[in-house]
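Student: Predicted structure and sequence below. I'll ask about it afterward.
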Amino acid sequence: GMPRPGLYLYAARALIDIIGDAPCVTRAKLGTDVRGYIFDRGDKRVAAVWKWNGEAEKIELPEPFTVYDMMGQKWTCDEVRLSAFPCYIESDLSAPLLRSVLEQSMNRKNTATQCNVSFRVIDPRRIALEIRNPGASAVDGVLDIRGNLLPEKKKSAAVHIPGEDVQTVELELAEPLSGHAQELKLEFQLAGGERFTKVLPVSAVVVPYAAASVTPDGDLSDWPEQVAALKVDYSNHASKEEAGWTDEEKKITGEVRMFWNENSLNMAFILNKEKFQPYTGPKENDFFEGDSIQLAFDTLKNAAPHALELQDDDLVYALAGDEKSPVVIREVASSPVHDSLVKEVGKIKDVQLGIKTLPGKIVYEAKFSRRSVSPFQLEAGNMAGFSAIFNLSNGVKRIGWLEFTPGVGQWPRSAAEYLHIVLSKGDEKK
């Protein structure tokens with residue numbers, strides 16, 4: 001039959017009719033969730049505005065303006081609904097004045113409590129707080145920081161953060177960072193009298209740098225001496241049976257050691273267990289029924305608090321098999337939108353694995369290439385979310401697992417509770 005135009009064709013026609021080939025002359029700062037670009041058509045100025053992230057909202061304009069929706073329907077109104085679909089605001093005002101009108105209208109919607117606070121590790125005893133203002137209006141005032149991590153238990157700093165900007169506050173720590181989270185209490189006192197408090201858990205496992213090139217064979221005698229171990233035991237277990245574990249099973253522990261260089265992230269998982277009982281069945285994806293390792297990366301460290309799902313930058317791997325046939329499985333691959341790399345799932349070759357059984361322990365030594373951990377970049381100072389579990393079998397069935405944090409063994413998986421790892425480049429040692 002006769003072809004019929006789709007909705008997007010009508011939207012494209014409206015865009016051409018309203019803006020045409022007018023140049024974009026400025027951008028209105030309306031907050032990080034909203035985009036606003038102003039075009040000078042000659043006879044009039046047109047602002048294309050939409051909210052790309054979050055729920056739709058309305059803003060009030062100081063006077064009626066000519067407004068078009070995405071399909072070109074026209075209204076004269078002093079209130080605009082912002083959503084994922086762009087609207088066009090037409091005016092005789094100059095571009096700077098129209099931008100000012102939009103920014104002031106958006107300022108009335110903003111509140112300083114929207115500020116996001118995170119931290120970046122400078123070295124094991126120094127961090128930088130990063131306070132991001134996602135709104136359109138500036139945040140001004142004083143910040144009091146309290147916590148046992150600070151040598152004097154308190155530090156104050158002046159705050160001035162323009163809209164869509166970030167301010168950094170460096171902090172010296174009373175002790176080196178560890179995987180044990182300690183809280184910093186951030187009390188904001190703003191110039192307008194507003195007060196609010198945020199609590200920031202601070203923890204990070206510092207991964208040392210070493211230029212050493214090691215062979216992933218399960219023999220750690222060629223590893224750098226300064227690589228410490230993260231340990232996990234029965235106090236961090238998850239059981240598959242209500243009856244619990246035997247006294248002997250409760251003695252099982254696990255360790256993780258890591259170091260990095262420009263070519264690889266090297267990881268050793270040591271399972272302290274008397275008998276090695278890997279899965280030997282026909283189904284490759286049932287590896288977790290036997291002794292094995294599962295590990296996960298939140299490569300961009302962007303998991304939202306309490307989120308019960310993984311995001312498209314996350315990676316999940318399994319280390320399984322035995323000494324003769326070690327197997328690496330990529331269970332979850334990150335999207336190529338972040339690094340232009342397509343990573344297949346299933347059994348893979350871009351992570352090298354060696355397994356070695358020793359009296360009372362099993363060593364899994366893995367060498368992750370730059371590609372296998374991307375979009376996480378192997379550069380000093382970079383951080384990622386990380387966790388791992390030791391799957392345990394009694395030779396008949398899986399009894400449960402030891403975990404550093406929840407989020408890997410549970411379903412749905414969640415990166416919100418992962419540890420933070422940070423790549424540190426101190427003195428190079430063998």
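Tutor: Received, thanks.

Student: any idea how far residue 235 is from residue 182?
Tutor: Here residue 235 is placed at a distance of 19 Å from residue 182 (CB to CB, to the nearest Å). All C-beta spots, glycine's among them, are computed from the backbone N, C-alpha and C.

Student: Those two: who's more crowded?
Tutor: Between residue 235 and residue 182, counted using other CB atoms under 10 Å, the more crowded position is residue 182 (17 against 8).

Student: Spit out the contact partners of the more buried one.
Tutor: With CB atoms under 8 Å, 6 or more residues apart in numbering as the criterion, the residues that contact residue 182 are 147-149, 201-203.

Student: List phi and psi for it.
Tutor: Note on residue 182: its backbone torsions stand at phi -120, psi 150 [degrees, to the nearest 10].

Student: which residues does it bridge with?
Tutor: Taking DSSP bridges, one obtains residue 202 as the residues bridged to residue 182.

Student: quick one: buried residues of the lowest-mean-pLDDT helix or strand in the chain?
Tutor: Considering only helices and strands, the least confidently modelled element of the chain by mean pLDDT, DSSP states H and E is strand 237-239, at a mean of 79. When neighbours are counted by 16 or more other CB atoms under 10 Å, the buried residues of strand 237-239 are found to be residue 237.

Student: which intervals of the stretch 201-350 of the chain have sub-threshold pLDDT?
Tutor: Where the stretch 201-350 of the chain drops to pLDDT under 70, the residues are 240-243.

Student: Correct me if wrong: residue 74 contacts residue 65.
Tutor: No: judged on CB atoms under 8 Å, residue 74 makes no contact with residue 65 at a distance of 11.1 Å.

Student: Among these two, which residue is more densely surrounded?
Tutor: Neighbour count, other CB under 10 Å: between residue 74 and residue 65, residue 65 has more, with 21 against 12.

Student: Okay, and the beta partners of that one?
Tutor: residue 77.

Student: Redo the contacts of residue 182 as CSV? Include neighbour count.
Tutor: Rendered in CSV, the data for the contacts of residue 182 read as follows (neighbours: other CB atoms under 10 Å):
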residue, neighbour count
147, 19
148, 12
149, 20
201, 11
202, 21
203, 15
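
Student: residue contacts, the residue lying closest to residue 233 once chain neighbours are set aside?
Tutor: For residue 233, ignoring the flanking residues on the chain, the nearest one in space by CB to CB, 6 or more residues apart in numbering is residue 253 at 4.4 Å. Remark: with contacts taken as CB under 8 Å, 6+ apart, residue 253 is in contact with 231-234, 272, 402.

Student: Residue 329: which of these is nearest?
Tutor: Taking CB to CB as the measure, residue 329 lies nearest residue 402 of these, at 19.4 Å.

Student: The helix or strand harbouring that closest one: what's the following helix or strand?
Tutor: Remark: residue 402 resides in strand 398-403, with elements defined by DSSP states H and E. Helices and strands here follow DSSP H and E; after strand 398-403, the next one along the chain is strand 419-423.

Student: Strand partners (parallel or antiparallel) of that following strand?
Tutor: Per DSSP bridges, strand 419-423 is paired in its sheet with strand 205-207 (parallel), strand 383-393 (antiparallel).

Student: Flag whichever of the ones you listed has the least confidence on average.
Tutor: Comparing mean pLDDT across the strands paired with strand 419-423, the weakest is strand 205-207, with a mean of 90.

Student: who does whatever helix or strand comes next after that one touch, helix- and strand-wise?
Tutor: Scanning forward in sequence from strand 205-207, with DSSP H and E defining helices and strands, the next element found is strand 229-232. If you count contacts as 3 or more CB pairs under 8 Å, 6 or more residues apart in numbering; DSSP states H and E, strand 229-232 packs onto strand 253-260.

Student: The strand it packs on: what's the following helix or strand?
Tutor: Using DSSP H and E, the next helix or strand after strand 253-260 towards the C-terminus is strand 264-272.

Student: low-scoring stretches of the stretch 51-200 of the chain, by residue?
Tutor: Screening the stretch 51-200 of the chain residue by residue with the criterion pLDDT under 70, one finds the ranges 108-113.

Student: hey, where'd the strands end up in it?
Tutor: Under the criterion DSSP state E, counting those that start in this stretch, the stretch 51-200 of the chain carries strands at the ranges 57-68, 74-82, 87-91, 116-123, 126-133, 139-146, 154-161, 165-172, 182-190, 195-202.

Student: ok, now the stretch 251-400 of the chain?
Tutor: Assigned by DSSP E, counting those that start in this stretch, the strands in the stretch 251-400 of the chain fall at 253-260, 264-272, 292-298, 314-321, 326-332, 346-347, 351-358, 361-369, 383-393, 398-403.

Student: now the ones you listed in CSV, with distance to residue 189?
Tutor: CSV is the format used below for the strands of the stretch 251-400 of the chain (distance: least, CB to CB, whole Å):
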stretch, distance to residue 189
strand 253-260, 41
strand 264-272, 42
strand 292-298, 33
strand 314-321, 37
strand 326-332, 43
strand 346-347, 54
strand 351-358, 49
strand 361-369, 45
strand 383-393, 29
strand 398-403, 40
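
Student: Of all those strands, which one comes closest to residue 159?
Tutor: Distances from residue 159 to each of those were compared by CB to CB, and the smallest falls on strand 383-393, at 23.4 Å.
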